[in-house]
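Undergrad: Give me a model of this one.
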Amino acid sequence: MKLHITRLLLIGLPLGGLTSIQTPAAAATTTPAIPQVDQVTAQGGAILATVKGKTYSPTNTVGMPFEIKVMTNMTYTVSDGPARKLTEGQVLKSDGMLVSPNGSIMPVVDHVAMLGAEVTIVKNGQSAPVRSVTELGNGSKVFPDGTIYDSKGNKTRLLDGQLLKLNGAAIPAVDTVTLKEGKVVVQKDGAMITVKPGRTIMMNNGTKVFSDGKLIYFDGATKQLSEGETVELTGVRRLRQ
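TA: This next block holds a predicted model:
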């Protein structure tokens, strides 16, 4: 058997001992950043992602603000919460709003809302009526009747369709107008309303909606909806004193 002996030649080192030799640390392993997109659409059993007006079919998870992650199996998570399923035709946008084919729109982040004169709390996509006083992150207290006392004791009330995050910050409310199968349906103040033939409805931002899909905006501009089109409008904004 041959023994291979490696000799270390030490030149100029003190006899009392060896000085440790520092080696560069191994490069830290980093997780690739999740690509950020403007919106995701569930279509044909798959997801389509849109970035700056260009749409593509992602092969891996994509992300959006509010810690939203959308997987290729048509599920998404918010702040690493439980997975939720996207259904055909739904659009999840970078403002955290989920738009359904019928024109309904709702935030995917946890929130409190006044819907149909009932205060509702939504966590992980599941809603429940507020039955007792609920304290928000900023110290505000929400009562089942929609009354709110802020941390200084000032009293206000939630309006129908108004939304608050659980930290107390307001979520901009959005109304919609949709033309589907020849019928005009609006979401106003959190409620879905069909505009009856020959009738009109005035939206929160001053837009007048006709039953044939015609819109007259507050500034006088007009628009005719196409079949299947949904238009978003500014919803209710203020708390009632």
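Undergrad: What is the neighbour count of the closest residue to Lys180 other than its chain neighbours?
TA: The shortest distance from Lys180 to any residue other than its chain neighbours is 6.2 Å, reached at Gly228 (CB to CB, 6 or more residues apart in numbering). Just so you know, the C-beta spots here come from the backbone N, C-alpha and C atoms, and that holds for glycine as well. For Gly228, the count of nearby residues is 11 (other CB atoms under 10 Å).
Undergrad: Show the pLDDT at the most centrally placed residue in the chain.
TA: By CA atoms, centre = their mean, the chain has its centre lying nearest to Gly96, at 1.5 Å. Confidence at Gly96, expressed as pLDDT, is 96.
Undergrad: who touches it in this structure?
TA: With contact taken as CB atoms under 8 Å, 6 or more residues apart in numbering, Gly96 is in contact with 64-66, 68, 107-109, 171.
Undergrad: still on that earlier bit, for the residue nearest to Lys180, I want the exact helix or strand it lies within.
TA: Taking DSSP states H and E as the criterion, Gly228 maps to no regular element, lying outside all helices and strands.
Undergrad: and the contacts of Gly96 as TSV, adding neighbour count?
TA: What follows is those, written out as TSV (neighbours: other CB atoms under 10 Å):
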residue	neighbour count
Met64	23
Pro65	11
Phe66	14
Ile68	23
Pro107	20
Val108	22
Val109	23
Ile171	19
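Undergrad: Verify the stated contact: Val108 with Gly125.
TA: Yes. The pair Val108 and Gly125 qualifies as a contact (CB atoms under 8 Å) at a distance of 6.9 Å.
Undergrad: Now the common contact residues for those two.
TA: Counting by CB under 8 Å, 6+ apart, the residues touching both Val108 and Gly125 are Arg84.
Undergrad: Look up how far Asp110 lies from the residue nearest to Lys180.
TA: As for Gly228, its distance to Asp110 is 31 Å (criterion: CB to CB, to the nearest Å).
Undergrad: How about Gly220?
TA: Counting by CB to CB, the separation of Gly220 from Asp110 is 39 Å.
Undergrad: So those two - more neighbours on which side?
TA: Neighbour comparison, Gly220 and Asp110: the larger count goes to Asp110, with 17 against 6 (by other CB under 10 Å).
Undergrad: you'd agree the more buried one is up against Leu166?
TA: Yes. In terms of CB under 8 Å, Asp110 counts as a neighbour of Leu166; the distance is 4.9 Å.
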